[in-house]
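S.K.: coords please:
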Amino acid sequence: MKFLPHEVAHLELVLKLLESADRSDFDTWQARYGLLLWLSIVVLVPFNLKTVDRDETQANAQIPVIVTRIISLCRLFLGDSGPTRDMAAEVLARLLTRPDLVTTALPQFIQQTKKQLSTGSDIFLVLHCDLSAD
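M.R.: Numbers count the residues shown, from 1 in each chain. All right, here's what the predicted structure looks like:
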């Protein structure tokens with residue numbers, strides 16, 4: 001981990017690589033895992049996420065578009081049955097507990113997740129959850 005570059009400029013690159021990755025290609029899961037590992041390091045770098053947002057129409061949004069992209073992508077990986085699921089959870093944990101996102105993105109993520117898990121549509125998402133606790 002310590003040998004992976006962790007500059008702000010790498011965030012967009014890693015995210016684009018992950019978005020273009022073919023999740024149905026099971027032979028390349030290691031590459032997706034490595035990219036998720038790299039992303040988990042880059043999101044820890046203390047910088048304002050709004051500075052790397054290229055979407056000017058959402059400049060005043062509470063949650064930057066890049067954060068929404070990362071969350072959406074990691075949600076997809078949470079449905080995987082392999083190690084990429086665990087690394088996607090790590091990325092989300094590190095991202096959503098950043099001081100600048102803990103009051104905005106985290107509560108929204110929890111609400112959306114409770115709603116998604118209550119449907120029980122994906123067995124890999126509903127491995128173990130207790131929705132009765134608030």
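S.K.: what stretches of this protein score poorly on pLDDT?
M.R.: Scanning the chain with the threshold set as pLDDT under 70 gives 1-3, 53-60, 120-134.
S.K.: any idea how far K115 lies from Q108?
M.R.: Plainly put, K115 is 11 Å away from Q108 if you go by C-beta to C-beta, to the nearest Å. Heads up, the C-betas are built off the backbone N, CA and C, glycines and all.
S.K.: Compare the two and say which is more crowded by neighbours.
M.R.: Q108 (15 against 10; other C-beta atoms under 10 Å).
S.K.: mind listing what's buried in the helix or strand containing that one?
M.R.: Assigned by DSSP states H and E, Q108 belongs to helix 105-119. By 16 or more other C-beta atoms under 10 Å, the buried positions in helix 105-119 come out as 105-106, 109, 113.
S.K.: tell me how far it is from the chain's mean position?
M.R.: From the chain centre to the centre of helix 105-119 is a distance of 14 Å (C-alpha atoms, centre = their mean, to the nearest Å).
S.K.: counting contacts, what elements does it pack onto?
M.R.: Packing contacts for helix 105-119, counted by 3 or more C-beta pairs under 8 Å, 6 or more residues apart in numbering; DSSP states H and E, involve helix 65-78, helix 83-96.
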